[in-house]
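J.: just to be clear, the model below is a prediction. Sequence and coordinates:
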Amino acid sequence: MLKLLTIDEAQVYVSKARAAQRLVGIVPTMGALHAGHLSLVRQCRQQCDETIATIFVNPTQFGPNEDLNRYPRTLDEDLQYLLREGANAVFLPTAEEMYPDGFSTYVEPGEVARPLEGICRPGHFRGVATVVVKLFHALPAHRAYFGRKDYQQAKVIQAMTRDLNLRISIEICEIVREPDGLAMSSRNRYLSPEDRARALLLRQALLVARSLARNGVSSISQLEHAMQRVLNGQSDHSQQSGVDSIDYAVVVDAETLLPISSLDRDAVALIAARVGTTRLIDNEPLTPSSFT
């Protein structure tokens, strides 16, 4: 597995692969790899001739009170995982390589970035959009692979790619979960055993919303209230305390992420909540029962 340390090295590698008529895929990550990331690598390998992972903890997507310094860095372990999965190369730029002295140009994301995470984490998607564009230029691949767990991020990247006429296909892959349903996340390692148990409330809340929708409930307020009850430990079957705080637990339009009053179109249930000191997100697509 080749290590690419500079943008020049990355561009030359991809250019040679494309010249040889090889289909190139990239898997952008911030490291601390888990089974969710590795599923993206496997899907990329199945569909492409060249699989390139990136590991870069992007400072511009962290707010002033967020966990940039705390974000896990497990490079040696990450490289072993990628080698085992058969990645052809890994791009390992420094912050100075990606953001040279005097850097001041950013990508402003579109409307889909404004609600939800856009409110809770101002500036976050500007940092995401900027680094993704820079990675796409450093690695001008045919395809890029992202996970659906970061649902709004995936929509932001899809919209940006369309709006800026970037010649790369965005592939969104399914969420990978622990056996008990918890969505894989690099931040799960911060959960204490007690917090780990409470973290399952996110998945339970989403499953309640899905069950209600499948049984004909179309009222968004009813679906959201049911999710909030589960998250707060108030459901009939809950035997534990709720999460520590809820940033949002909503059902919105699946494409625009804007509020809707009735489940009369494809929608998505989205949750962001804090368990202990760890902020977790999860989501579940919802389809009106009349569509099924």
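T.: Perfect, thanks for sending it.
J.: contacts, neighbours, all on C-alpha from now
T.: OK.
J.: what's the pLDDT at residue 41?
T.: Per-residue pLDDT puts residue 41 at 98.
J.: may I see the buried residues of stretch 96-110?
T.: Under the neighbour-count criterion of 16 or more other Cα atoms under 10 Å, stretch 96-110 has 98-99, 107, 109-110 buried.
J.: scan this structure for its longest helix.
T.: Counting residues, the longest helix found in the chain (DSSP state H) is helix 193-214.
J.: same question for the following helix or strand past that helix, mean pLDDT?
T.: Counting by DSSP states H and E, the next helix or strand C-terminal to helix 193-214 is helix 220-231. Helix 220-231 shows a mean pLDDT of 97.
J.: run through the neighbouring helices and strands of helix 220-231.
T.: In terms of contacts (3 or more Cα pairs under 8 Å, 6 or more residues apart in numbering; DSSP states H and E), helix 220-231 is packed against helix 193-214, strand 245-253.
J.: let me have those in JSON lines, extended by mean pLDDT.
T.: Below are the helices and strands packed on helix 220-231 laid out as JSON lines (pLDDT from 0 to 100):
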{"stretch": "helix 193-214", "mean pLDDT": "97"}
{"stretch": "strand 245-253", "mean pLDDT": "98"}
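J.: returning to that earlier point: filter the buried residues of stretch 96-110 down to just the ones in helices.
T.: With DSSP H as the criterion, helices contain residue 98 from among the buried residues of stretch 96-110.
J.: low pLDDT regions in the stretch 101-250 of the chain?
T.: Applying pLDDT under 70 to the stretch 101-250 of the chain flags the ranges 237-239.
J.: 80 instead, please
T.: Residue ranges of the stretch 101-250 of the chain with pLDDT under 80: 235-240.
J.: in CSV, list the buried residues of stretch 96-110 along with distance to residue 276.
T.: Shown next, in CSV, are the buried residues of stretch 96-110 (distance: Cα to Cα, whole Å):
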residue, distance to residue 276
98, 33
99, 33
107, 33
109, 31
110, 32
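J.: between the buried residues of stretch 96-110, which is nearest residue 132?
T.: residue 107 (9.5 Å; Cα to Cα).
J.: if I look at the closest residue in space to the closest one that isn't next to it in sequence, how far off is residue 150?
T.: Ranked by Cα to Cα, 6 or more residues apart in numbering and with sequence neighbours excluded, the top spatial neighbour of residue 107 is residue 130, at 4.9 Å. Going from residue 130 to residue 150 by Cα to Cα, to the nearest Å gives 17 Å.
J.: okay, the two: which has more neighbours?
T.: Neighbours were counted for residue 130 and for residue 150 using other Cα atoms under 10 Å; residue 130 has more, 18 against 15.
J.: in a helix, the residue nearest to residue 107, correct?
T.: Yes - the assignment for residue 130 (DSSP: H, G, I helix; E, B strand; the rest coil) places it in a helix.
J.: so residue 270 sits in a strand?
T.: Yes - under three-state DSSP, residue 270 falls within a strand.
J.: list the contacts for residue 127?
T.: 58-62, 106-107 (Cα atoms under 8 Å, 6 or more residues apart in numbering).
J.: mind checking which of these are buried?
T.: For the contacts of residue 127, a neighbour count by 16+ other Cα under 10 Å gives the buried set as 58-62, 107.
J.: rewinding a little: closest one of the contacts of residue 127 to residue 229?
T.: Taking Cα to Cα as the measure, residue 229 lies nearest residue 62 of these, at 30.1 Å.
J.: could you dump the helices and strands packed on helix 220-231 to CSV with distance to residue 185?
T.: Supplementary listing: the helices and strands packed on helix 220-231 in CSV, determined by distance: least, Cα to Cα, whole Å:
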stretch, distance to residue 185
helix 193-214, 12
strand 245-253, 18
